[in-house]
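K.L.:
The sequence isn't on hand, but the structure is:
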């Protein structure tokens, strides 16, 4: 397992640091709607022009084919520069859809979509969860009836981040009604401008509309938009979720350490005080999460389920940091829009991307080898 960086790595780190110092925006990005889309795509296009988008993607698809060590260094410098959160409306396209297409897409799908993603010309959303199939994804009921060279989709998705401003969706549907649970599903590319799609934004308690309900009424999708094979969508979806719970979230994980350091600097705790001890504990937890990130990236071969270890630990640590910000800063925190937003948003962390309970089940069954619940 690599635990040290080479001279070449350090040169790369310095290049990333210099570029970010000269180019990273210093203003606060919009939280939702068209302004958030415009801001995120403009920043991604700037990164692409500078050679800093999709750096872990294969070179033949527009990336730089860089090693995991350099990917970590990029994200470390990215969060140190306080660059815009990677968890914006381009997150799914760059970290889910693109890598999934690279792994399992057709040549036509790759040729059309991958350049548009990296150049900041399209936004994707994820259509997995349903009102009755959130954590239990295998029980989804949105149907896709095959008619000739098309799939006719009917049903509903929920908690679809940025659906109101997305161009495409990675959509998981049941295309073989005779099959149950994990069988008979298909992962398809859905054009969000297709007739029959209705998007209803959901305003969360932080006051923003990241989430949405999406309804499908006889939506026609070309069979050529199936990724990974018809009725084999569970395998494709697990590929997508593998990216989500491992490398995709690396920047978000590493950013927690920066949030802790910013809080310590702002609070100026008295050495030896209860506040100082609490913040020291959070700093240690941030270091532990960083070590877990290193371990998962550098360990070969890695258990794909190990992403759940980081997802669970990150989610609960993010909530502890948000709570500490409120407690330590007191009334001052209530006048800070960014802090109050982060505090309210943090409640969703143990729900989004698979609930904390689901992550614990994955860890118990697939890593520890315990009996199924």
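P.N.:
Good, I have the coordinates. Predicted, not measured: the structure shown is a model, and the values here were computed from it.
K.L.:
Please make it C-alpha for all contacts and neighbour counts, starting now.
P.N.:
Noted.
K.L.:
contacting residues around residue 312?
P.N.:
Residue 312 sits next to 350, 356, 359-360 when contact means Cα atoms under 8 Å, 6 or more residues apart in numbering.
K.L.:
can you do 7 Å?
P.N.:
Listed by Cα atoms under 7 Å, 6 or more residues apart in numbering, the contact partners of residue 312 are 356, 359.
K.L.:
Determine the longest helix present in the chain.
P.N.:
Counting by DSSP state H, the longest helix found in the chain is helix 274-298.
K.L.:
mind listing the strands for the stretch 201-350 of the chain?
P.N.:
211-222, 226-227 (DSSP state E, counting those that start in this stretch).
K.L.:
ok so, going back, could you check the longest helix of the chain and say which residues are buried?
P.N.:
275-276, 279, 282-283, 285-286, 289-290, 292-298 (16 or more other Cα atoms under 10 Å).
K.L.:
burial count for residue 272?
P.N.:
8 (other Cα atoms under 10 Å).
K.L.:
Next one, pLDDT for it please.
P.N.:
Note on residue 272: pLDDT of 93.
K.L.:
Report the distance from the longest helix of the chain to the chain centre.
P.N.:
In terms of Cα atoms, centre = their mean, to the nearest Å, the centre of helix 274-298 is found 21 Å from the chain centre.
K.L.:
what are the ranges of the helices in this protein?
P.N.:
7-23, 33-49, 68-80, 91-92, 98-104, 107-118, 233-245, 250-267, 274-298, 307-329, 331-334, 337-345, 356-362.
K.L.:
residues in contact with the last one?
P.N.:
By that I understand helix 356-362. 135, 305, 308, 312, 350.
K.L.:
Now it: buried residues?
P.N.:
356, 358-359, 361-362.
K.L.:
swap in stretch 204-222?
P.N.:
206, 208-216, 218-222.
K.L.:
ok, now stretch 11-28?
P.N.:
12-13, 16-17, 19-21, 24.
K.L.:
so where's this protein shaky on pLDDT?
P.N.:
Across the chain, the ranges flagged by pLDDT under 70 are 1-3, 134-135, 244-249, 299-302, 304.
K.L.:
what sits against the residue nearest to residue 186 when sequence neighbours are not counted?
P.N.:
Closest residue to residue 186 apart from its sequence neighbours, by Cα to Cα, 6 or more residues apart in numbering: residue 233 at 3.7 Å. With contacts defined as Cα under 7 Å, 6+ apart, residue 233 is in contact with 172, 185-187.
K.L.:
again with residue 81
P.N.:
Per Cα under 7 Å, 6+ apart, neighbours of residue 81: 20-21.
K.L.:
Kindly list the main-chain dihedrals of it?
P.N.:
Note on residue 81: its backbone torsions stand at phi -80, psi 0 [degrees, to the nearest 10].
K.L.:
from memory residue 123 sits against residue 89, does it?
P.N.:
Yes. The criterion here is Cα atoms under 7 Å, and residue 123 meets it with residue 89 at 6.5 Å.
K.L.:
I'd like the strands of the stretch 201-350 of the chain as TSV, with distance to residue 146 appended.
P.N.:
Converted to TSV, those look like this (distance: least, Cα to Cα, whole Å):
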stretch	distance to residue 146
strand 211-222	10
strand 226-227	11
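K.L.:
Relative to residue 264, which of those strands is closest?
P.N.:
strand 211-222 (31.7 Å; Cα to Cα).
K.L.:
want to throw the helices of the chain into CSV with distance to residue 193?
P.N.:
Shown next, in CSV, are the helices of the chain (distance: least, Cα to Cα, whole Å):
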stretch, distance to residue 193
helix 7-23, 33
helix 33-49, 16
helix 68-80, 33
helix 91-92, 18
helix 98-104, 20
helix 107-118, 16
helix 233-245, 22
helix 250-267, 30
helix 274-298, 37
helix 307-329, 32
helix 331-334, 40
helix 337-345, 29
helix 356-362, 33
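K.L.:
Most tightly packed of those helices?
P.N.:
helix 91-92 (a mean of 22; mean count of other Cα atoms under 10 Å).
K.L.:
same for it, what does it pack against?
P.N.:
Where contact means 3 or more Cα pairs under 7 Å, 6 or more residues apart in numbering; DSSP states H and E, helix 91-92 is packed against strand 124-127.
K.L.:
And residue 120, how close does it get to residue 255?
P.N.:
According to Cα to Cα, to the nearest Å, residue 120 and residue 255 sit 23 Å apart.
K.L.:
how close does residue 258 get to residue 149?
P.N.:
From residue 258 to residue 149 the distance is 50 Å (Cα to Cα).
K.L.:
Likewise for residue 59?
P.N.:
33 Å.
K.L.:
likewise residue 158?
P.N.:
Residue 158 is 27 Å from residue 149, by Cα to Cα.
K.L.:
which one of the two has more residues nearby?
P.N.:
Between residue 158 and residue 149, residue 158 has the larger neighbour count (other Cα under 10 Å), namely 24 against 10.
K.L.:
wait, what's in contact with the more buried one?
P.N.:
Contacts of residue 158 (Cα under 7 Å, 6+ apart): 129-131, 212-214.
K.L.:
Leaving out chain neighbours, which residue sits closest to it?
P.N.:
Nearest to residue 158 is residue 213, by Cα to Cα, 6+ apart, at 4.4 Å.
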